[in-house]
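1. Curious how this folds, go ahead:
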Amino acid sequence: MECKEAEKLIRKFIDDELDYKETVQFLEHIKQCENCKEELAIQFLVSEGMANLEEGIAFDLQHELDNRMQKMEKRIERHENLRYLSYVAEFFAVVMLIIFLLMVF
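-> Predicted coordinates for the structure are as follows:
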């Protein structure tokens, strides 16, 4: 992913509106690109900071941003695990079908 693409996705990331593929690509880019990581931090600070100020909530925005990124990484990991389990289930279903067909014929 290029920086321009990542910068366009920052708002969607903050609003938790990225789909799975966008999330994976966005987080990979942010981990490698200090400029985009800094832009994300700035936009997050402005967006979430203003919302928290309006609500009168005490906050640590860097901690909140780190938590949000960790949450997204865990969501990606769960998705990958479920995809792997579905492949395993499909494999066993095919094996069972083959065994069944061999027993019938």
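2. for this protein, which spans come out with low pLDDT?
-> For the chain, residues meeting the criterion pLDDT under 70 lie at 53-59.
3. Can you find which helix in it contains the most residues?
-> The residue-count maximum for a helix in the chain (DSSP state H) belongs to helix 61-104.
4. Counting by contacts, list what that helix packs against.
-> The contact analysis (3 or more C-beta pairs under 8 Å, 6 or more residues apart in numbering; DSSP states H and E) places helix 61-104 against helix 20-32, helix 34-55. C-beta coordinates here come from the backbone N, C-alpha and C atoms, glycine included.
5. Distance from the last one to the middle of the chain?
-> Distance, stretch centre to chain centre, for helix 34-55: 18 Å (C-alpha atoms, centre = their mean, to the nearest Å).
6. which other helices and strands contact it?
-> helix 3-14, helix 20-32, helix 61-104.
7. Same question for it: list its buried residues.
-> Residues of helix 34-55 classed as buried by neighbour count (16 or more other C-beta atoms under 10 Å): Cys36, Lys37, Glu39, Leu40, Ala41, Gln43, Phe44, Glu48.
8. report the angle between the axes of that helix and helix 3-14?
-> Per axes from the mean of the first three to the mean of the last three C-alpha atoms, to 10 degrees, the angle that helix 34-55 makes with helix 3-14 is 30 degrees.
9. now do the shortest one
-> Using the same axes, to 10 degrees, one finds that helix 20-32 and helix 3-14 are set 110 degrees apart in direction.
10. can you list contacts of helix 20-32?
-> If you take C-beta atoms under 8 Å, 6 or more residues apart in numbering as the criterion, helix 20-32 is touched by 1, 3, 5-6, 9, 12-13, 18, 36-37, 40, 69, 72-73, 75-76, 79.
11. let's see it at 6 Å
-> Residues outside helix 20-32 that contact it (C-beta atoms under 6 Å, 6 or more residues apart in numbering) are Met1, Ala6, Leu9, Phe13, Cys36, Lys37, Met72, Ile76, His79.
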